[in-house]
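1. what follows is a predicted protein model with its sequence.
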Amino acid sequence: MRKLTCIICPNGCALLAEQTDDGILVSGNRCPRGEEFAVSELTHPMRTIAGTVRTIFPEMPVAPVRVSAEIPKERIFDVMRQINAAVIETHMSRGDVVIADVLGLGVDVIVTGDVK
Ligand code: SF4
């Protein structure tokens, strides 16, 4: 039995998830998305992450970034290391790719604001 807090919406339902012979039983969810979240958490948890990347521009020394889609939870620190090592050397617009296909995960790191 695992206690989880659903992070899909602001309701933050308190979930109980239990692995049984018939599969994973979930309770406490107010909607089906909570069940999907709990099953994902027990089988293959995913997360989205955001951070900042250094730039060469003194007027904007760091730029906000995020991943373009969820990544496996166990790879968060690996991706953060890539983000921390990156440096933006050209002007960019919101949504431009800073790191393409980071670590071969099929997800890009993109800027969430203009870098001018
Ligand atoms: S179970 Fe549904 S209502 Fe509850 S927090 Fe998750 S998404 Fe929101």
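-> Structure received. Residues are numbered from 1 along each chain as shown.
2. name the SS class of the single nearest residue of the chain relative to the ligand, please.
-> As assessed by C-beta to the nearest ligand atom, the ligand sits closest to Gly34 within the chain, at 2.3 Å. C-beta: built from backbone N, CA, C; applies to glycine. Gly34 carries the three-state label helix when classified by DSSP: H, G, I helix; E, B strand; the rest coil.
3. how about the residues of the protein that lie near the ligand?
-> Counting by C-beta under 6 Å from any ligand atom, the residues of the chain close to the ligand are 6, 8-9, 11-13, 29-31, 33-34.
4. mind listing what the residue nearest the centre of the chain touches?
-> Of all residues in the chain, the one closest to the mean position by C-alpha atoms, centre = their mean is Thr48, 0.9 Å from it. The contact partners of Thr48, by C-beta atoms under 8 Å, 6 or more residues apart in numbering, come to 66-67, 69-71.
5. Asn11 now?
-> Arg30.
6. pLDDT score assigned to it?
-> Note on Asn11: pLDDT of 97.
7. what about it, distance to Arg33?
-> 10 Å (C-beta to C-beta, to the nearest Å).
8. run the chain-centre distance for the lowest-mean-pLDDT helix or strand in the chain.
-> Between all helices and strands in the chain, the lowest mean by mean pLDDT, DSSP states H and E belongs to strand 46-47, at a mean of 92. Distance of strand 46-47 from the chain centroid (C-alpha atoms, centre = their mean, to the nearest Å) equals 5 Å.
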